[in-house]
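# Test case, fold it:
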Amino acid sequence: MNRQYHSHSLCGSTTYDYGHLHHYGAVTELAPSVIPHTHKFYGDTSYNDGHSHPYYSETGPAILTKDGRHYHEYCAKVQYADNHTHYIYGYTSTD
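This is a model prediction of the structure:
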């Protein structure tokens, strides 16, 4: 099956700052199934310590695997809330 567009999932926990962390999960926006490409993604962290943090960012370029699939690395600063911020980072699912 030759798909023209695709997406990836991502999830994890924010950095531990100000005595707590948050969890997050998202599905990237669709992107063309060509190399190179990136994906935009956005969401809200879990509600913890009386607040949550929105985030909006873009993955790095596709990283090819030996079997011809790919994934992406991401690193982003969540939006400021309750007098602080956190970071999210990791790898998307493999397509």
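# C-alpha only now, for contacts and for neighbours.
OK.
# who touches the residue nearest to residue 77 when sequence neighbours are not counted in this structure?
Once flanking residues are discounted, residue 77 sits nearest to residue 87: 4.4 Å by CA to CA, 6 or more residues apart in numbering. Contacts for residue 87 (CA atoms under 8 Å, 6 or more residues apart in numbering) come out as 14-15, 75-78.
# try 7 Å this time
Residue 87 sits next to 14-15, 76-78 when contact means CA atoms under 7 Å, 6 or more residues apart in numbering.
# want to throw the residues you listed into TSV with neighbour count and secondary structure?
Output for those, formatted as TSV (neighbours: other CA atoms under 10 Å; DSSP: H, G, I helix; E, B strand; the rest coil):
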residue	neighbour count	secondary structure
14	22	coil
15	16	coil
76	16	strand
77	17	strand
78	22	coil
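# Give the single residue among these positioned nearest to residue 44.
residue 78 (8.7 Å; CA to CA).
# Relative to residue 4, how far out is the closest one?
Distance of residue 78 to residue 4, given as CA to CA, to the nearest Å: 30 Å.
# and if you look at residue 51?
For residue 51 relative to residue 4 (CA to CA), the value is 39 Å.
# got it, and residue 64?
For residue 64, the distance to residue 4 - CA to CA - is 17 Å.
# out of these two, which sits in the busier spot?
residue 64 (15 against 10; other CA atoms under 10 Å).
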